[in-house]
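Visitor: show me the folded form of this:
(2 chains)
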Amino acid sequence: MALYSEKVMDHFRNPRNVGVIEDANGIGEVGNAKCGDIMKMYLKITDEVIEDVKFETFGCGSAIASSSMATELIKGKPLSEAMKLTNQAVAEALDGLPDYKMHCSVLAEEAIKSAIDDYNSKK
Amino acid sequence: MIYADNAATTKMSELAINTMVKVINETFGNPSSLYTIGQRAKEVLEKAREDVAQVIGANPREIIFTSGGSEADNQAIITAANIGKKKGKKHIISTAFEHHAVLHTLAKLEKEGFEITLLDVHENGIVTVEDVKNALREDTALVTIMYANNEIGTIQPISEIGKLCHEKGVLFHTDAVQAVGHIPVNVIDDNVDMLSASSHKFHGPKGVGFLYVKKGIPISNLIEGGAQERGKRAGTENVPGIAAMAAALKEAVSKLDETSASVKARRNRLIEGLKQIPHSAINGDEENRLPSNVNFCFEGIEGESLLLLLDDKGISASSGSACTSGSLDPSHVLLAIGRVHDVAHGSLRLSLGEDITDEQVDELIKSVKEVVEYLRSFSPIWRDLVAGKKEFIL
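Guide: This next block holds a predicted model:
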């Protein structure tokens, strides 16, 4: 049995929405280097809709795949819907994560919420 | 395809495979049986014991076959602890970067009332004789120090430490799992009382190893049962595995001079190449290390991602990152040499096989460079480092 599902490996090998949004109006960073995972999310929000999203991640295969999948799940969605994103939804969309890697999906959820909070605080 | 994880395990040599198959087919008897087929198996077993003993300068009666390095480590430490207990000596000296087979056995003894001193291994990954000397006490029952470290390959001053222990009348054990078959090991020259080795690290089969215990030391059993191994390790002997191990060991040692020189040259070529990657550092002493071992930290990236992408390029390697250890902490070895967590997560171990070529080394360098650059391209830590928001550690 492989360590990760095909979907995780696909998002790890070909991560979607990688990079930086220079004029982002919501930025969130979670995790820390000591634990080996940092995720940074950049949001471009227009009329309460996530027009664009990009990420940067320092971390293991499932951290990169979780970031990538989370951006796919919220891109183009209204903020109200993006706020409801759960780590389970990220993990399920990846066809599951090993138990000890579930925290990667939690980080992805937190990174997005942190970026949305940043946007709301600046309104 | 480049297999560069020979410190994890090695491919069995053709001779070892042939020996194993031959013994399975032709000498299947139980060595404890009295009839001819059994006694032929016994002969194979004892010939293997002679061969193994000869390679490390021991007497055949001083060799106990085990299921591998971990069992040998456990048995050596428990043996010394039981001897110490009888004399009221309940202090053991070891190092912070031993294999878990040693560290976890020591932790168990600590719960039973032993006091354990784990020596610092310094930035270069080498314990000094002076460190051992300062830690020795009247009630020290055992010093157990690995011959060469499994992650960073640094070779310890075993002979000098053994000499000191003998002067002080303290038992000395070495976990030589990474050393035997790779560098010259001799129990007399090295002044050791007990030594552990594992077959699959030198192109023999898995599930077999041996423990050397100097004559006169009363050995404690871990496995009770029949009278195999002179009553010190019960269970019908793994005759095919043992015979194949002995064949692999003799073969490895017979060409040691030649292979270690060529592997060392390739190792140095690899080290020089990887040093060209900015903000990287070699882990452990550059000279005093196993001929096959290369271990680096690369700042701003995480080791598991590095391994998975190298695997996509047909390269098998290992890392001391937390994600590969299944815990939250990175390798205890890297922490022991003073690497901080942030950097220890970005480690890579490449342990070369004897047949490695210059072309393969160049491919390794190229692939590692590409993957490190790629992972850094979207690492938020790397961005902060480059932007000057955080200070580079390496």
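
Visitor: CA only for contacts and neighbour counts going forward, please
Guide: Fine.

Visitor: ranges for the strands of the stretch 1-150 of chain B?
Guide: With DSSP state E, counting those that start in this stretch as the criterion, the stretch 1-150 of chain B has strands at B:2-3, B:63-66, B:91-95, B:115-119, B:140-144.

Visitor: next SSE after the helix or strand of chain B with the lowest mean pLDDT?
Guide: Scoring the helices and strands of chain B by mean pLDDT, DSSP states H and E places helix B:322-325 at the bottom, with a mean of 66. Next along the chain after helix B:322-325, taking DSSP states H and E as the criterion, comes helix B:332-336.

Visitor: chain center to that next one: distance?
Guide: With Cα atoms, centre = their mean, to the nearest Å as the basis, helix B:332-336 stands 15 Å off its chain's centre.

Visitor: is it up against chain A anywhere?
Guide: No. Judged by Cα under 8 Å from any Cα of the partner chain, helix B:332-336 stays clear of chain A, getting no closer than 11.8 Å.

Visitor: and the contacts of that helix?
Guide: Helix B:332-336 has contacts (Cα atoms under 8 Å, 6 or more residues apart in numbering or on different chains) with B:96-98, B:120-122, B:125, B:151-152, B:283, B:320, B:341, B:344.

Visitor: so which of the residues you listed sit within helices?
Guide: Mapping the contacts of helix B:332-336 onto helices (DSSP state H) picks out B:H341, B:A344.

Visitor: by neighbours, which of the contacts of helix B:332-336 wins?
Guide: Neighbour counts for the contacts of helix B:332-336 peak at B:A344, which has 32 neighbours (criterion: other Cα atoms under 10 Å in any protein chain shown).

Visitor: from what I see, that one and B:E304 are in contact.
Guide: No. Look at B:A344 against B:E304 with Cα atoms under 8 Å: they stay out of range, at 11.7 Å.

Visitor: joint contacts of these two?
Guide: Common neighbours of B:A344 and B:E304 (Cα under 8 Å, 6+ apart) are B:S321.

Visitor: chain B contacts on chain A?
Guide: Residues of chain A lying near chain B (Cα under 8 Å from any Cα): A:13, A:18-19, A:33-36, A:38-40, A:55-61, A:100.

Visitor: where does the chain have low pLDDT?
Guide: Using chain A here. A:1 (pLDDT under 70).

Visitor: please refer instead to chain B.
Guide: For chain B, the stretches with pLDDT under 70 are B:323-328.

Visitor: who's in contact with the closest residue to chain A within the stretch 101-250 of chain B?
Guide: In the stretch 101-250 of chain B, the residue that lies nearest chain A is B:E151 (19.1 Å; Cα to the nearest Cα). Residues in contact with B:E151 (Cα under 8 Å, 6+ apart) are B:A7, B:N295, B:G320, B:V333, B:R349.

Visitor: what is the most widely separated pair among those residues?
Guide: Among the contacts of B:E151, the pair separated by the greatest distance (Cα to Cα) is B:A7 and B:V333, at 14.4 Å.

Visitor: so what's the residue nearest the centre of chain B up against?
Guide: Residue closest to the average C-alpha location in chain B (Cα atoms, centre = their mean): B:Q178, at 3.2 Å. By Cα under 8 Å, 6+ apart, the contact set of B:Q178 is B:A7, B:Y147, B:A148, B:N149, B:N150, B:G153, B:A197, B:K201.

Visitor: equivalent analysis for A:K54, please.
Guide: A:N17, A:V18, A:G19, A:V20, A:I21, A:M41, A:Y42, A:L43, A:T71.

Visitor: how about 6 Å then?
Guide: A:K54 makes contact with A:N17, A:V18, A:G19, A:V20, A:M41, A:Y42, according to Cα atoms under 6 Å, 6 or more residues apart in numbering or on different chains.

Visitor: so how many other residues sit close to the third one?
Guide: When neighbours are defined as other Cα under 10 Å, A:G19 has 18 of them.

Visitor: what's near enough to touch it?
Guide: Neighbouring residues of A:G19 by Cα under 6 Å, 6+ apart: A:K54, A:F55, A:E56.

Visitor: please, where are all the helices along chain A?
Guide: For chain A, the helices defined by DSSP H cover A:6-13, A:61-74, A:79-82, A:87-93, A:102-122.

Visitor: just these: most buried one?
Guide: helix A:61-74 (a mean of 26; mean count of other Cα atoms under 10 Å in any protein chain shown).

Visitor: for the contacts of A:G19, which one is nearest chain B?
Guide: A:E56 (4.9 Å).

Visitor: just to revisit the earlier point, can you tell me which of the strands of the stretch 1-150 of chain B is most buried?
Guide: Ranked by mean neighbour count under mean count of other Cα under 10 Å, the strands of the stretch 1-150 of chain B are led by strand B:140-144, which reaches a mean of 26.

Visitor: and B:K215, its phi and psi?
Guide: Phi and psi for B:K215, reported as degrees, to the nearest 10, are phi -50, psi 140.

Visitor: does B:F65 touch B:Y212 like I think?
Guide: No. B:F65 is beyond contact range of B:Y212, at 8.8 Å (criterion: Cα atoms under 6 Å).

Visitor: shared neighbours, the two?
Guide: The contact sets of B:F65 and B:Y212 do not overlap (Cα under 6 Å, 6+ apart).

Visitor: before we move on, back to that, can you put the helices of chain A in JSON lines and add distance to A:D47?
Guide: Shown next, in JSON lines, are those (distance: least, Cα to Cα, whole Å):
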{"stretch": "helix A:6-13", "distance to A:D47": "29"}
{"stretch": "helix A:61-74", "distance to A:D47": "15"}
{"stretch": "helix A:79-82", "distance to A:D47": "9"}
{"stretch": "helix A:87-93", "distance to A:D47": "25"}
{"stretch": "helix A:102-122", "distance to A:D47": "12"}
